[in-house]
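Enquirer: my questions are about this predicted structure, shown below with the sequence.
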Amino acid sequence: MSPLARWNPTVKLATVLVLSTAALLVTDPVTPAIGYGLALAALLALGRVPLRAVAVGHVPFLVLATSLLVVNVLTRPGGDTVVIGPVTVGSTGLTIGVSLALRTLFVGVLSLTLVLTTDPVRLMTSLHQHARLPATWTFAVLAAHRLLEELPGTWHTIRCAQAVRDPRRTAGHLPRSPRALGAAAFALLVGAIRRSERLAIALESRGLGAGPRTTSRPVALGPLDVLAGVAVLAAAAGVVVLGARAGWLTGLGALTG
């Protein structure tokens with residue numbers, strides 16, 4: 001596994017939550033830009049995640065960041081006039097919009113780091129071991145995750161079954177009419193409800209929550225895991241201190257004030 005994948009999931013989750021919460025307090029565009037660059041480099045180098053997977057994972061965050069930028073540029077006046085092509089905007093709205101957009105990308109790459117480098121089973125096991133979460137919570141979340149993982153395969157099976165039963169089908173093509181897609185979505189929903197009911201019955205029959213449980217594959221928590229979390233938080237604090245001394249942390253505050 002990659003270094004980020006070997007990192008204890010509980011410590012990794014706690015570090016991501018602390019950094020994401022701290023990012024909400026930052027109002028300048030430089031700090032989240034530096035944080036985003038460092039987090040992205042760590043994801044690619046230490047997480048060994050394919051570039052395509054990182055790019056695809058960025059799509060929803062890029063959409064949200066773009067919307068925040070456009071809304072602030074068009075609705076927040078003030079500051080010097082900035083000409084961007086045929087549009088004239090205020091520097092205050094542009095600066096705040098860029099800051100919010102970069103903050104969104106920073107939180108997004110932190111989320112991708114957690115999702116793309118963490119095995120769900122190790123995460124739930126670690127949370128049960130080290131965060132002392134009840135087994136009823138962790139096993140229920142893990143069961144729900146497994147159910148979601150099966151949905152794409154189930155959807156493909158339903159669509160193929162529709163194609164077999166459709167007398168007007170074309171070889172190599174699945175039916176794409178609104179009626180066919182609606183029927184497939186309804187069948188997927190019904191199947192997911194039935195599987196979730198069977199999962200709940202199976203968990204209850206195995207005595208989930210009836211008492212203490214043993215762990216077949218415990219997740220280790222060592223000094224290096226804690227040291228890695230401390231190092232990441234120290235690096236983030238160093239970026240903030242650098243910004244305070246360089247002046248970009250107070251620059252936006254003076255601008256908006």
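Expert: It's in.
Enquirer: show me the residue at the heart of this structure, geometrically.
Expert: By CA atoms, centre = their mean, the mean C-alpha position of the chain lies nearest to residue 111, the distance being 3.3 Å.
Enquirer: model confidence for that one, exactly?
Expert: pLDDT, residue 111: 95.
Enquirer: same deal with residue 215?
Expert: pLDDT at residue 215 comes out at 73.
Enquirer: is it true that it touches residue 125?
Expert: Yes. Using CB atoms under 8 Å, residue 215 is in contact with residue 125, at 6.0 Å. Every C-beta, even on glycine, is put in place using the N, C-alpha and C of the backbone.
Enquirer: which residue of those two possesses the greater neighbour count?
Expert: residue 125 (21 against 11; other CB atoms under 10 Å).
Enquirer: which one is the more buried one nearest to, not counting chain neighbours?
Expert: Spatially, and ignoring its direct neighbours in sequence, residue 125 is nearest to residue 219 (5.1 Å; CB to CB, 6 or more residues apart in numbering).
Enquirer: over to that neighbour. Which of the three states is it?
Expert: coil (DSSP: H, G, I helix; E, B strand; the rest coil).
Enquirer: returning to that earlier point: now the helix or strand encompassing the residue nearest to the centre of the chain: buried residues?
Expert: Element membership for residue 111 (DSSP states H and E) is helix 91-116. For helix 91-116, the buried set under the neighbour-count rule, 16 or more other CB atoms under 10 Å, comprises 92-110, 112-114, 116.
Enquirer: so which bits of stretch 120-140 are buried?
Expert: Quick answer for stretch 120-140 (16+ other CB under 10 Å): 122-130, 135, 138-140.
Enquirer: next one: it to chain centre, how far?
Expert: Put simply, stretch 120-140 sits 19 Å off its chain's centre (CA atoms, centre = their mean, to the nearest Å).
Enquirer: picking up where we left off before, tell me what the helix holding residue 111 is packed against?
Expert: If you count contacts as 3 or more CB pairs under 8 Å, 6 or more residues apart in numbering; DSSP states H and E, helix 91-116 packs onto helix 9-23, helix 30-45, helix 51-75, strand 81-84, helix 248-256.
Enquirer: so can I have TSV of the ones you listed showing mean pLDDT?
Expert: Compiled in TSV, these are given as follows (pLDDT from 0 to 100):
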stretch	mean pLDDT
helix 9-23	94
helix 30-45	94
helix 51-75	91
strand 81-84	66
helix 248-256	52
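Enquirer: next up, the contacts around residue 204.
Expert: Residue 204 makes no contacts at all, as judged by CB atoms under 8 Å, 6 or more residues apart in numbering.
Enquirer: any idea how far it is from residue 109?
Expert: Per CB to CB, to the nearest Å, residue 204 is found 39 Å from residue 109.
Enquirer: swap in residue 14?
Expert: 17 Å.
Enquirer: quick one on the thing from earlier: which of the buried residues of stretch 120-140 lies closest to residue 200?
Expert: Proximity to residue 200 was ranked across the buried residues of stretch 120-140 by CB to CB; first place goes to residue 140, at 8.5 Å.
Enquirer: tell me which helix or strand the closest one sits in.
Expert: Taking DSSP H and E as the definition, residue 140 sits inside helix 135-165.
Enquirer: after that helix, next one along is what?
Expert: As the chain continues past helix 135-165, the following element, by DSSP H and E, is helix 178-205.
Enquirer: off-centre distance for that next one?
Expert: That offset, for helix 178-205, works out to 25 Å (CA atoms, centre = their mean).
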